[in-house]
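**Q** curious how this folds, go ahead:
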Amino acid sequence: MNKTKQKISNIIFLSSLILLWIICIIPILKNSNNYNQVNNRTSYKITKPTSKEFLNNNYQQQLENAISDQMPKYNYLQLLYPVMSNYLNYKTIKVLNLNHQNNYINLGNINMYHDYLVYNPIIKDDLKNYEDDLKKINYIKQKINADIYLYYINSDYNINFETNKTKDIDKYLKQKLKIGDNNIKTLTINSFEDYQKYFYKYDHHWNNRGTYQAYKEIATMMKLTDILPIKDEVCLQDRTILGSKSKSIALNKFLKEDICIYIYDYPSFTIKINNEEVEQYGANLEDLKNMTELSYATIYGSDYEEIIFENNSQNNSKKLLIYSNSYSNSINKLLASNYEYTYVIDGRYNSNFDMIKYVNEKKIDDILILANNMLFGDTIKWGDFQ
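**A** Below you'll find the model as predicted:
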C-alpha cells in the first residue's frame, strides 16, 4: 500500500514538473511575448550568445531581462506588492494637497512633484558612463562618409526641480564628440515649467509639444528645408495613460490626463517593419478617439529592430538613418518626410547591428543619433569593433 502511495506521489510530482515546464519554460524558450505591457515597451528576447558578449557580461544581463519578459505574467506579479501601498500613498497626497508643494514626494522607486511623476535627478553623475558610447561614435565617424548628428533629450533625470540645478550636457558632448559642434543639439530643460510643457505627467516620453520642438530643432541642425507644419491639434480628455512611470508603481489604473496630439499632412509612405510591409505605423485618430486607455506606443508606434520608410512623394535619393530608443517613435515620420528612404534602428533589440556596415551597405547620407541617458545606459549595439 505504501509503495502504491509512493508511486502516486511520484507521478503527481513529475506531472507537476511537466506542467510547470509547459506553463513557464516552453513559452520562455519560444520568445512568444512581443510586448511588455507593464513597462510599455517591446519585450527582450532570448538570443544566441557570442563569446564576446558572454565574457563582458552583456549576454548574462540580456538573458536575465529576456527571461523576466518572456515568463508568463511575471511582470504583473512584480506589481502585486506595491499596488495597495502606492495607492494609499497617492490618496493621502491628494487628500492633504501635498502634490502642489515644491518638493519631491517619494512613492517608492519614483517621486511625485506637483502632480507629475518624476525620476530621481542624477545631478552628481560625472557622465563617465557615456564615454564608451561617445568613443564608438567617434570611431564610426572615421569609417564612414555620412554626416552624423546627435540630439540629446534632457529630462527629469538631468534637473533637480527643487533647486533647478542641471547638468551641462551640451558642453560635455561637444568636448567629447568629434562630429562638429554644429551637429550637436540638446532639448533644453531649465525648470519644472519647461518639463511640464514637453513631457507627459505619468510617462517618461515627450508629448506632442516636446516632439515638435525637437523636430524643429533637429531639422534646423540638419539644414532640412521642408518642415511639416501643424495642421491641427486634437485633445482626448481624461484618458488613462498607460505610462511607464504610473505602471512602475501600479497606479496606471488610477491616473488620468488629457492627451493632445498634433495632426500633420504626412506624405505617402511605404513602411516595412522587420522586412514585412505594414499599412501604418501608429494608430489613426479615429481609433484613438474610441480608446479609454492610451500609451505613447499606441499613439505613435512601438519599438522594433528595424523600420524602413519609403517616401512615395520624394525622389531626392537621400537616405537617413535614425538610431534611437523609443523617443524617435513620435518623430520618425516627421523626419522621414524630408528623405526618400529613412531607416530606423533600435539598438536595444537589434543584437547583430553593425553601424559602419549598415551605413555603407545602405549608402546612408545622414545619421541622427537621438539620445538620452536611457540610450547610453541601455545595452545597445554599435558594431563588431566593440
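**Q** ok, which stretches of the stretch 101-250 of the chain are helices?
**A** 128-143, 169-176, 192-198, 208-221, 244-248 (DSSP state H, counting those that start in this stretch).
**Q** got phi/psi on the nearest residue to Lys136 once chain neighbours are set aside?
**A** Computed as Cβ to Cβ, 6 or more residues apart in numbering, the closest residue to Lys136 that is not its neighbour in sequence is Trp382, at 4.4 Å. For every residue, glycine as well, the C-beta is placed using N, CA and C. Torsion angles at Trp382 (phi, psi; degrees, to the nearest 10) stand at phi -110, psi -30.
**Q** how many neighbours does Trp382 have?
**A** 19 (other Cβ atoms under 10 Å).
**Q** what separation do you get for it and Asp133?
**A** Distance of Trp382 to Asp133, given as Cβ to Cβ, to the nearest Å: 7 Å.
**Q** looking at this, Ile259 is in a strand?
**A** Yes. Under DSSP: H, G, I helix; E, B strand; the rest coil, Ile259 sits within a strand.
**Q** you'd agree it is up against Ile241?
**A** Yes. Between Ile259 and Ile241 there is a contact under Cβ atoms under 8 Å: 6.4 Å.
**Q** list residues touching both of those two?
**A** Leu294 (Cβ atoms under 8 Å, 6 or more residues apart in numbering).
**Q** list the contacts of Ser311.
**A** Check again: residue 311 is Asn, not Ser. Counting by Cβ under 8 Å, 6+ apart, the residues that Asn311 touches are 267-269, 336-337, 339-342.
**Q** go on, Ile169?
**A** Contact partners of Ile169, counting by Cβ under 8 Å, 6+ apart, are 127, 152, 154, 158, 186.
**Q** reformat those as a markdown table; add distance to Gly282.
**A** Shown next, in a markdown table, are the contacts of Ile169 (distance: Cβ to Cβ, whole Å):
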| residue | distance to Gly282 |
| --- | --- |
| Leu127 | 33 |
| Tyr152 | 24 |
| Asn154 | 25 |
| Asn158 | 27 |
| Thr186 | 26 |
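**Q** ok, and the most crowded of these?
**A** Highest count within the contacts of Ile169 by other Cβ under 10 Å belongs to Asn158, 24 neighbours.
**Q** roughly how far does that one sit from Thr166?
**A** 6 Å.
**Q** what do those two both touch?
**A** Residues touching both Asn158 and Thr166 by Cβ under 8 Å, 6+ apart: 123, 189.
**Q** from Gln61, how far off is Tyr327?
**A** 22 Å.
**Q** quick revisit: please spell out the ChimeraX selection for the buried subset of the contacts of Asn311.
**A** Restricted to buried positions by 16 or more other Cβ atoms under 10 Å, the ChimeraX selection for these reads:
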select :267,269,336,337,339,340,341,342
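**Q** closest one to Gly377 out of the contacts of Asn311, please.
**A** Thr342 (25.4 Å; Cβ to Cβ).
**Q** and what about the closest one, helix, strand or coil?
**A** Thr342 is classified as strand under three-state DSSP.
**Q** residue contacts, the closest residue to it other than its chain neighbours?
**A** Sequence neighbours aside, Ala336 is the residue nearest to Thr342 in space, at 3.8 Å (criterion: Cβ to Cβ, 6+ apart). Contacts for Ala336 were tallied using Cβ under 8 Å, 6+ apart; they are 269, 309, 311, 320, 342.
**Q** kindly report the same for Asn352.
**A** Counted by Cβ under 8 Å, 6+ apart, Asn352 has contacts Lys381.
**Q** helix, strand or coil for it?
**A** coil.
**Q** and the pLDDT for it?
**A** At Asn352, the pLDDT value in this model is 81.
**Q** domain boundaries for the protein, per the record?
**A** Split into domains by automatic domain parsing, the chain comes to 2-73, 77-113, 126-377.
**Q** Lys357 against Gly383, yeah?
**A** Yes. Between Lys357 and Gly383 a contact is recorded at 6.9 Å, counting by Cβ under 8 Å.
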